[in-house]
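Asks: Below is the structure, and that's it, no one-letter string:
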């Protein structure tokens, strides 16, 4: 009997398996087709629903805009109030007869400056008293330029105010030079019993005047520290044996940089939206080789009075937003230690740098004033020619009189006996009323090029806890400490919520600090500035001032949270349409009496024409709770409530259930708001609304967060 035949594979069982697989594929395909059909149906229904909502939106749009127009009248009321307030202040100043000029009256300003110019016998203390008056006049003129609407003053008046500012700045520095000269003439009367030299420091809130006079010319007294101010120097031996005086004049204000630098980030509040917010700022940075236009620093009698052409040139630089110099990159590094040594190569020390292992790349020289701005004022560091001192001859005291004014000593760095480079060692005490978030960049003013430069400065030592910085200079010059204007941008978070009747709290969480600002009627108050869980700048907290004054105060203190039109060139942010952004601030301000607003992480993903932010009805004290927020998308002419939440995985424009489109944020919130909230919105004071708008517009939280 032979072997049994083998069974063929793929028989009945194989056919059954293939049939099952085919059936599963058919079922899956059927399910997919069914799901696609359901999706298409849902999309069709959604589109039909959107068409209905769109039609309804178009139908009620005109009536909503008319109704909203009545709310917007509050901005006109605020504008009229400010015009009346300025007129009333002008009248009260006229009645006061306090001897100070009205900055808007040309004759009074010219008389004031002419009389002060002719008085050449003042001492430093008298100049300091007059300094307060001058700074107040400049502040009023700046306010007039930036806060007054174009229909109130003409361009000619604006140009005149800018001219007055430049003249006052120059005259103030000229008077400090004259007072210095008067003091040097009698320096011998105040010699120190220990060293035989003369030194003094006079300090107030606006400036610190320090002077050391080398009467004995002894090499062992080439170092000096002004104990009252914390500033000091170490002179080369050649200067220690010369008839010189060293002056360190620290002004808390900056009258050196071109005028437009002092106004950056402060757009006119009444200008058109297109002027206020530029969607695509022009690149106005200076090309290599070009010189920045400005005005020369008055340091010697021949340069004390700038020419009319130069002043007009500087005023024009403000009007045209100026041309800036080449970019400069920060050379500082954030320190982990208390003391950092930052070596910046200079032309005078190239030989020394070549001896260092590995050498080093030369630092940027010309400062880009759109990126780096002076913080904490400026330091005028001068070496002066000592005038002839009085000599006792018998019963007479004789002195040679020279009619040359204040003379700078013609010093240039040379080589010491040991072959090393001579340099002036300077130590500066940082101002207590300023915060530096990073190691400041030390720059010197170059009058010839009208620019701040970083060369010629070396061996920089920064001691953060002691608030002290020291460095070496190849020549005496005016020095400033610069900080990145954009280091606190973009914001990490922000929130605005009401705290009472016509009161609110605006909180901005920036990169290095958290700033809280209270708002009440037409004034603001800095509530706190917190850096690393520590409150700082206590000298400016708790003081009520206008929104404009608050911005200026914060910028002077080193807390710049106010973007300029060119800031997108230096900060990585999503570009936003200017007109829609202005409208958003307008509508948020009108609702700020009863609703809280905060940033949303989806704002950047919404695109340039749409703004996404959180809103919550807010009638009780304290910040809004996380579960009370709703997300809204504003497109300038349309508002919608999003189904999206901060915890969603992806951005979506899907509408919240049972919500509709509206033409304004007011009507959008009106659908769900309580009667109490709507009543608070209707009764909100126009001054409070205007203050909220100014802060939102100045910080531009919808574009920089």
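Replies: All right, it came through fine. Quick caveat, the model's predicted, so the values are computed rather than measured.

Asks: Contacts only, for the nearest residue to residue 473 once chain neighbours are set aside.
Replies: Leaving aside its chain neighbours, residue 473 sits nearest to residue 424 (4.6 Å; criterion: C-beta to C-beta, 6 or more residues apart in numbering). (Each C-beta comes from the backbone N, C-alpha and C, glycine too.) Neighbouring residues of residue 424 by C-beta atoms under 8 Å, 6 or more residues apart in numbering: 233-236, 239, 381, 413, 472-476.

Asks: Pick out the most distant pair among those.
Replies: By the measure C-beta to C-beta, 234 and 475 form the most distant pair in these, at 15.1 Å.

Asks: re the thing from before, closest one to residue 169 out of the contacts of residue 424, please.
Replies: Distances from residue 169 to the contacts of residue 424, taken as C-beta to C-beta, are shortest for residue 381 (18.7 Å).

Asks: My reading is that the closest one lies in a strand. Confirm?
Replies: Yes - with DSSP: H, G, I helix; E, B strand; the rest coil as the criterion, residue 381 is assigned to a strand.

Asks: count of neighbours near it?
Replies: When neighbours are defined as other C-beta atoms under 10 Å, residue 381 has 23 of them.

Asks: Hmm, it is touching residue 476, no?
Replies: Yes - with contact defined as C-beta atoms under 8 Å, residue 381 and residue 476 form a contacting pair (5.4 Å).

Asks: sorry, back to before: in helices, which of the contacts of residue 424 appear?
Replies: When DSSP state H is applied, these are split such that residue 239 fall in helices.

Asks: Any of the contacts of residue 424 buried? List them.
Replies: Restricting those to buried positions leaves 233-236, 239, 381, 413, 472-474, 476, with burial counted as 16 or more other C-beta atoms under 10 Å.

Asks: Tabulate the residues you listed in JSON lines, adding columns for pLDDT and distance to residue 180.
Replies: What follows is those, written out as JSON lines (pLDDT from 0 to 100; distance: C-beta to C-beta, whole Å):
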{"residue": "233", "pLDDT": "95", "distance to residue 180": "16"}
{"residue": "234", "pLDDT": "93", "distance to residue 180": "22"}
{"residue": "235", "pLDDT": "93", "distance to residue 180": "18"}
{"residue": "236", "pLDDT": "91", "distance to residue 180": "22"}
{"residue": "239", "pLDDT": "90", "distance to residue 180": "18"}
{"residue": "381", "pLDDT": "96", "distance to residue 180": "13"}
{"residue": "413", "pLDDT": "70", "distance to residue 180": "23"}
{"residue": "472", "pLDDT": "94", "distance to residue 180": "24"}
{"residue": "473", "pLDDT": "92", "distance to residue 180": "20"}
{"residue": "474", "pLDDT": "88", "distance to residue 180": "23"}
{"residue": "476", "pLDDT": "93", "distance to residue 180": "14"}
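
Asks: Please identify the buried residues of stretch 220-238?
Replies: When burial is assessed from 16+ other C-beta under 10 Å, stretch 220-238 yields the following buried residues: 221-222, 224-226, 229-236.

Asks: want to try a markdown table for those, with distance to residue 59 as columns?
Replies: A markdown table is the format used below for these (distance: C-beta to C-beta, whole Å):
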| residue | distance to residue 59 |
| --- | --- |
| 221 | 88 |
| 222 | 85 |
| 224 | 81 |
| 225 | 78 |
| 226 | 75 |
| 229 | 71 |
| 230 | 71 |
| 231 | 71 |
| 232 | 76 |
| 233 | 77 |
| 234 | 80 |
| 235 | 82 |
| 236 | 83 |
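
Asks: Which ones among the residues you listed map onto strands?
Replies: When these are checked against strands using DSSP state E, the ones located there are 224-226, 231-234.

Asks: Farthest-apart pair in these, please.
Replies: That would be 226 and 234, which, of these, are the farthest apart (C-beta to C-beta) at 13.2 Å.

Asks: I'd like to know how many residues surround the residue nearest to residue 560 when sequence neighbours are not counted.
Replies: Once flanking residues are discounted, residue 560 sits nearest to residue 485: 5.4 Å by C-beta to C-beta, 6+ apart. Using other C-beta under 10 Å, the number of residues around residue 485 comes to 26.

Asks: cool, residue 38 as well?
Replies: Neighbour count for residue 38, taken as other C-beta under 10 Å: 10.

Asks: what's the helix or strand it falls within packed up against?
Replies: According to DSSP states H and E, residue 38 maps onto helix 12-96. The criterion is 3 or more C-beta pairs under 8 Å, 6 or more residues apart in numbering; DSSP states H and E, and the helices and strands that helix 12-96 contacts are helix 578-591, helix 665-670, helix 686-699.

Asks: mind running it again at 10 Å?
Replies: On a contact count with 3 or more C-beta pairs under 10 Å, 6 or more residues apart in numbering; DSSP states H and E, helix 12-96 meets helix 124-147, helix 578-591, strand 639-641, helix 665-670, helix 675-683, helix 686-699.

Asks: how close does residue 114 get to residue 220?
Replies: For residue 114, the distance to residue 220 under the criterion C-beta to C-beta, to the nearest Å works out to 48 Å.

Asks: Residue 160 too?
Replies: Between residue 160 and residue 220 the computed distance is 55 Å (C-beta to C-beta).
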